[in-house]
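# structure for this input, please:
(one chain, ligands or ions: 1)
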Amino acid sequence: MSTWTPEAQRLWEQLPAETQHLILTHVWCPHCGQARRMALIGGTIIVDDLVLTGLCTVCGHRVARLLEGDGLRPSQDAEPAFQPGEEVIWLKRVPGGPYVIPMTATVIARTAKRVKIVADDEGQMVTRYVPSESLERRA
Ligand SMILES: [Zn+2]
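Have a look, this model is predicted:
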């Protein structure tokens, strides 16, 4: 039983195999609490975004991965994008001022425009969608 819509399938199949592999091996599983490999079941287009659905290959929990419409076209970025699982420094903006606080964070997902991170904010783990410009690689 296929749960693909024809348009979603067409978009997915035009991606290079390498990209497909990278996407499927870095899907956030809320049950495992970490990035896992997804057994792909199907996909659908929601507005302009491709939403892939499947199962975590470790625990069997339903997982999904959203690919923004913009991200379906090859990126021109010279620098490799942040990958899920990567430890980064998040430059948190202080409201009302030109200051930033560097904080340790872990990338858990990535879309074309935003990077989803989990950070330790004064002892509390917080999840944020931040622009990649606000992240730095750890030396
Ligand atoms: Zn899992």
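# what residues sit buried inside the lengthiest strand in the chain?
The single longest strand within the chain, with elements called by DSSP state E, is strand 100-110. Neighbour counts over strand 100-110 (16 or more other Cβ atoms under 10 Å) mark 103, 105-110 as buried. Every residue, glycine included, has its C-beta placed from N, CA and C.
# take those residues and lay them out in TSV including pLDDT.
Formatted as TSV, the buried residues of strand 100-110 follow (pLDDT from 0 to 100):
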residue	pLDDT
M103	87
A105	92
T106	93
V107	93
I108	93
A109	91
R110	86
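# what's the angle from the helix or strand following the longest strand of the chain to strand 100-110?
The helix or strand immediately downstream of strand 100-110 is strand 115-121, counting by DSSP states H and E. Relative orientation of strand 115-121 versus strand 100-110 (axes from the mean of the first three to the mean of the last three Cα atoms, to 10 degrees): 130 degrees.
# pairing partners for strand 115-121, with directions?
Strand 115-121 has the following strand partners under DSSP bridges: strand 100-110 (antiparallel), strand 124-130 (antiparallel).
# which stretch among those comes nearest the ion?
Among those, the nearest to the ion by Cβ to the ion is strand 100-110 (13.3 Å).
# need the residues that contact that closest one.
With contact meaning Cβ atoms under 8 Å, 6 or more residues apart in numbering, strand 100-110 is reached by 26, 28, 35, 65, 81-94, 115-121, 127-128, 134-136.
# derive a ChimeraX selection command for the buried subset of these.
In ChimeraX, this line selects whichever of these come out buried by 16+ other Cβ under 10 Å:
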select :26,28,35,65,82,84,86,88,89,90,91,92,115,116,117,118,119,134,135
